[in-house]
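A.B. asks: Sequence unavailable; structure follows:
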């Protein structure tokens, strides 16, 4: 089993920044990729971005490119989502996801992400 625990959500004004963290534990295996997803009220869960094990490769949905950055610290088994220039439409519950092993340099398709944290609420006020 893989356990994921997110933290760092909160309320921020439009234009502000937040950094989310996700600590992974359990049977993660090696060279695993990690992702971030979000779900706004009344909408389906949406892919945000993904990062390779090495951290050298990332991929983001167009709506967050240039504003959000995913990074990771493998010594701490933690992945981060730095969110800048936040907009009200970024309001959602944010989930980190375990996306499987074998991704030292590459990143998987979002449908490879199949383990989820409990989520953390991000609210951006206008």
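C.D. replies: Okay, I see it. Keep in mind the model is a prediction, meaning the values are calculated, not measured.

A.B. asks: Which residue lies nearest the spatial centre of the chain?
C.D. replies: residue 36 (2.3 Å; C-alpha atoms, centre = their mean).

A.B. asks: For the biggest strand by length in the chain, list every residue counted as buried.
C.D. replies: Secondary structure assigned by DSSP state E gives strand 18-26 as the longest strand of the chain. Neighbour-count burial for strand 18-26, counted by 16 or more other C-beta atoms under 10 Å, picks out 18, 20, 21, 22, 23, 24. All C-beta atoms are positioned from the backbone trio N, CA, C, and that covers glycine.

A.B. asks: partners of that strand, with directions?
C.D. replies: strand 2-7 (antiparallel), strand 78-83 (antiparallel) (DSSP bridges).

A.B. asks: And the next helix or strand past the last one?
C.D. replies: Moving toward the C-terminus from strand 78-83, the first helix or strand encountered (DSSP states H and E) is strand 92-98.

A.B. asks: repeat for the first one
C.D. replies: Next along the chain after strand 2-7, taking DSSP H and E as the criterion, comes strand 10-13.

A.B. asks: Provide the strand pairings for that next one, with the direction of each partner.
C.D. replies: Counting by DSSP bridges, the strands paired with strand 10-13 are strand 120-125 (parallel).

A.B. asks: got a list of what residue 5 touches?
C.D. replies: Going by C-beta atoms under 8 Å, 6 or more residues apart in numbering, residue 5 touches 22, 23, 25, 117, 118.

A.B. asks: Which pair of these spans the longest distance?
C.D. replies: Greatest spatial distance among the contacts of residue 5 (C-beta to C-beta): 25 and 118, at 13.5 Å.

A.B. asks: With adjacent residues omitted, what lies nearest to residue 72?
C.D. replies: residue 79 (4.4 Å; C-beta to C-beta, 6 or more residues apart in numbering).
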